[in-house]
Structures are given as C-alpha cells and as structure tokens.
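Novice: coords please:
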Amino acid sequence: MSVIFHDAIAAYREMRAEFELSRHASFERAHRELRGELLNSRGRDQRIDPYSLFMGNRIRAVAYASEELKAWWEANGRPTVKSFEAQWASGRPAVSGADAWRTDAA
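Specialist: Residues are numbered from 1 along each chain as shown. Model (predicted):
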C-alpha cells in the first residue's frame, strides 16, 4: 500500500472517531436539555431509537424528531460527517452552536 494512501486512511479513521465522539456529545446534550423529549408521537409509536436521529438521512430525522428537538437542532445544528470533515480538514478549532454543523441545521 502506498504511504500516501495509508496516511489518508489513518487520517479518515481519526476524523471519524472524533466525529463519533462529537455526535455522541451532541446527542447527550440534547437528551439532557430536552429531558428525553426527542421523538414525536410517530417516532414513539414506531419505537425509533432517538440516537438514530443524530445520524444518517436528514429527512428521516426530521420525520421522527419532536418539535423540541427540531428547535434544538435549529439553535445547535445537527452533526453530519460532511460538515465535520470540512472543519476537521481545514484545521479550524471546533465551534459550538449551529455554526458547528452549519450544513444540516434542521
């Protein structure tokens, strides 16, 4: 394997690990601040895992999120790999609030 490719894989793995920590922290904060009110009635009826709303497809997340969570995302942003990777690659320090996840505020 080329050294360049090996370094790129290592950097991507490091970025993903940091992203997962950041996403988990975002979920924990929302859960605490919203006192667990993360799902709407449809999400509760379908037994959706609230953590799953913090990953993947925005349309699915919005479909099952409580109004409180949607407002929380508007103020704090919703983590996406794409937005995190762009910040990580540019070497910018982590920021808080909606600017941290600007590309996918709900």
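Novice: Buried by neighbour count: which residues of the lowest-mean-pLDDT helix or strand in the chain qualify?
Specialist: Here the helix or strand of the chain ranked lowest by mean pLDDT, DSSP states H and E is helix 81-90, holding a mean of 89. Residues of helix 81-90 classed as buried by neighbour count (16 or more other Cβ atoms under 10 Å): V81, S83, F84, Q87, W88. C-beta: built from backbone N, CA, C; applies to glycine.
Novice: ok, now stretch 35-45?
Specialist: Buried, per 16+ other Cβ under 10 Å, within stretch 35-45: L38, L39, N40, G43.
Novice: Please tell me the pLDDT value assigned to the second one.
Specialist: It refers to L39. Turning to L39, the model gives it a pLDDT of 98.
Novice: how about it, what does it touch?
Specialist: By Cβ atoms under 8 Å, 6 or more residues apart in numbering, the residues touching L39 are I48, P50, L53, Y64, A65, S66, L69.
Novice: Columns neighbour count, secondary structure and distance to R13 on top of the residues you listed, output as a markdown table?
Specialist: Formatted as a markdown table, the contacts of L39 follow (neighbours: other Cβ atoms under 10 Å; DSSP: H, G, I helix; E, B strand; the rest coil; distance: Cβ to Cβ, whole Å):
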| residue | neighbour count | secondary structure | distance to R13 |
| --- | --- | --- | --- |
| I48 | 19 | coil | 29 |
| P50 | 20 | helix | 27 |
| L53 | 26 | helix | 25 |
| Y64 | 21 | helix | 30 |
| A65 | 26 | strand | 29 |
| S66 | 19 | coil | 33 |
| L69 | 26 | helix | 30 |
